[in-house]
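J.: test case, fold it:
(one chain, ligands or ions: 3)
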Amino acid sequence: MTFPITFAKKENKKADTTVIGIFEENKLTDSAKEIDKREGGLIKACLKNNDLFKGKAGQTLVIPLGNSKGQKSLQRLVLVGLGKKKDINHLEFETIGGKLYQALKSASAREINIDLSDIEDTSKSSAAEITNHLALGLRLKSYRFDKYRAEKDKAAKKAELKTINIVTQANIAAKKLFIATEAIEKGVCFARDLVNEPPNTLHPESYAERIKAELKPLGVDVEILDEKKMQKLGFHSLLSVGQGSIRESRTVIMRWNGADKPKKGTAKKKTRAPLALVGKGVTFDTGGISLKPGPGMDLMKMDMGGSAAVVGTMKAIAGRKAKANVVGIVGLVENMPSDRAYRPGDIIDSYSGKTIEVLNTDAEGRLVLADILSYIQEKENPQNIIDLATLTGAIMVALGFEYAGAFANDDDLWNQLNHASQNTGEKLWRMPLDESYRKEMESDVADLKNLGGTGYGGACSAAGFLEHFINDGTKWAHIDIAGTAWWKTDKPTTPKGGTGFAVRALDDLIAHHFEK
Ligand code: BES
Ligand code: ZN
Ligand code: ZN
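T.: Ligands and ions are numbered 1, 2, ... in the order given. As a prediction, the model looks like this:
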């Protein structure tokens, strides 16, 4: 269970821990001075004798109290560095929140006041926004995936953080904003849960049901296409990938019509073309007949990370009742070798009518995306489409784990994405689309082939393949998140494992460019 976060002008009198924000240049804020006075000058004394704590952003210092002079229940003060006052930046406050969570956990703090009463509005962000970002950092860092640990550490459970009260003058605005913050957090954490879920429990059918169970109560319309339906529609490319598995494939379509909801008493508004979000949902990628090597194959449970980003974003925007029309579509398959599996050499059909020569069954993501990209364009006529996929190892060769690669056929859409990326810290780097990559994917015996010819630039040829399925005039971006959907090490606001990458950036993009 996650801890509640409240915003108030006053301290929680029962707290065992008081956190005090300290700026780098002027050391003690006014409220810190007051607490210092109450505790007999302890803070000043500690700062004086400490060469390590300098108020730099995210630094922490725990000061145990023998006997608090001010509050009976108080057991410790925690100083947290806020950096330079003139450099206050909302993303930095998320990081500070993440680092502070770590310090509070190590100190076994349970009921906590965080004194941010000296944070003021800046030219870029309001005090309410800044405090919310700190709260988001705390929550995102506290994420755990421990549902399968039968022997959960009981002592640790007992020492879990119970409540956080953020003391701020902007408490009313902060509290209001926290509704959206919490919706975003829930979207990110749902995406993480899905990516962390093992492939024996998360397979296409169970995944589809889980999406429905999670999103329907929020008012999202969820439609599940089963194999029979997809067969009838002609999703031959997607179905080929899934045919080797005993698990049936699924496509899930999620519709959130927040811009079209007519106000009571007014006529229904004209329907606005939605933004379409498209996700690769390979619940396990063995490579199929072109089998992957054994070591590290367990990680291929994360090959549904693109779909998780789409589903998580739908949860976030529905949770905060975004005034936007967004349709999400995810193709869910398991890529297995078997006597029924598709083979290298097969020529398969697709929803678009284009035929595809399969040269490597491990290049399956593009085959899944091809059908759902074509289908959603025909069905919903979106002006903007963004697809997300753990598509290629090659993007990791190019960019590592810090940046996802973004391919866009429209500068405006790229600029909007870039802005959202910078605003949320989910880093995107623009990669090239080019006629030559599209040409590389043409086959001698079919319209297309699923493997590039050069052996180099695999992320770009994969994007070139997808571009064959984008209609003229549709603004489209493809984001390859193979390196960012799963992190092997802890980051300031992201514990290792599934990251929920792209939920925050997509939510920000929708908030700034697709809401009325
Ligand atoms: N799911 C993989 C890509 C991947 C690799 C994601 C590592 C996350 C971490 C994808 O389906 C794949 O296997 N791609 C192949 C394509 C190749 C056969 C053209 C690859 O990148 O090797
Ligand atoms: Zn693969
Ligand atoms: Zn894959």
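J.: for ligand 1, what are the nearby residues on the protein?
T.: When proximity is defined as C-beta under 6 Å from any ligand atom, the chain approaches ligand 1 at 285, 303, 360, 362-365, 390, 392-394, 451, 458, 482. Where you see a C-beta, it was placed from the backbone N, CA and C, and this is true even at glycine.
J.: quick one: the strands in the stretch 301-450 of the chain?
T.: All strands of the stretch 301-450 of the chain, identified by DSSP state E, counting those that start in this stretch, fall at 325-335, 347-348, 356-357, 384-389, 404-408, 428-431, 448-449.
J.: show me what from the stretch 201-350 of the chain comes close to ligand 3.
T.: Contacts of the stretch 201-350 of the chain with ligand 3, taken as C-beta under 5 Å from the ion, map to 282, 285, 303.
J.: for residue 185, state which of those residues is nearest.
T.: The closest of those to residue 185 turns out to be residue 303 (C-beta to C-beta; 24.6 Å).
J.: now do that closest one against ligand 2, distance only.
T.: Taking C-beta to the ion, to the nearest Å as the measure, residue 303 falls 7 Å from ligand 2.
J.: what's the neighbour count on that residue?
T.: As a burial measure, residue 303 scores 28 neighbours (other C-beta atoms under 10 Å).
J.: for residue 489, same thing?
T.: Using other C-beta under 10 Å, residue 489 has 8 other residues around it.
J.: buried ones in the helix of greatest length in the chain, by neighbour count?
T.: Secondary structure of the chain per DSSP state H: the longest helix is helix 171-196. For helix 171-196, a neighbour-count test (16 or more other C-beta atoms under 10 Å) marks 171, 173-175, 177-178, 180-196 as buried.
J.: nearest to ligand 3 within this structure, name that residue for me.
T.: Residue nearest to ligand 3 within the chain (C-beta to the ion): residue 285, separated by 3.8 Å.
J.: that residue against residue 362, yeah?
T.: Yes. Counting by C-beta atoms under 8 Å, residue 285 touches residue 362, with 7.3 Å between them.
J.: okay, and the common contacts of the two?
T.: Applying C-beta atoms under 8 Å, 6 or more residues apart in numbering, one finds that residue 285 and residue 362 are jointly contacted by 292, 335.
J.: which regions of the stretch 251-400 of the chain sit below the pLDDT cut-off?
T.: Within the stretch 251-400 of the chain, the ranges that satisfy pLDDT under 70 run 262-270.
J.: same thing with the stretch 101-250 of the chain?
T.: 152-159.
J.: could you pull out the helices for it?
T.: For the stretch 101-250 of the chain, the helices defined by DSSP state H, counting those that start in this stretch occupy 127-141, 154-158, 171-196, 204-215, 227-233, 236-242.
J.: number of nearby residues for residue 67?
T.: The burial count for residue 67: 8, using other C-beta under 10 Å.
J.: how close does it sit to ligand 2?
T.: Computed as C-beta to the ion, the residue 67 to ligand 2 distance reads 62 Å.
J.: quick check: nearest residue in space to the residue in the chain positioned nearest to ligand 2, chain neighbours excluded?
T.: The chain approaches ligand 2 most closely through residue 362 (3.8 Å), counting by C-beta to the ion. Distances taken as C-beta to C-beta, 6 or more residues apart in numbering put residue 287 closest to residue 362, at 3.8 Å, once the chain neighbours are dropped.
J.: let me see the contact set for that neighbour.
T.: 335, 337, 361, 362.
J.: please repeat the previous calculation with a cut-off of 10 Å.
T.: 293, 297, 300, 335, 336, 337, 360, 361, 362, 363, 364 (C-beta atoms under 10 Å, 6 or more residues apart in numbering).
J.: kindly report the same for residue 382.
T.: Residues in contact with residue 382 (C-beta under 10 Å, 6+ apart) are 273-278, 325-327, 376, 474-476.
J.: select only the buried ones of these in ChimeraX?
T.: In ChimeraX, this line selects whichever of the contacts of residue 382 come out buried by 16+ other C-beta under 10 Å:
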select :274,275,276,277,278,325,326,327,376,474,475,476
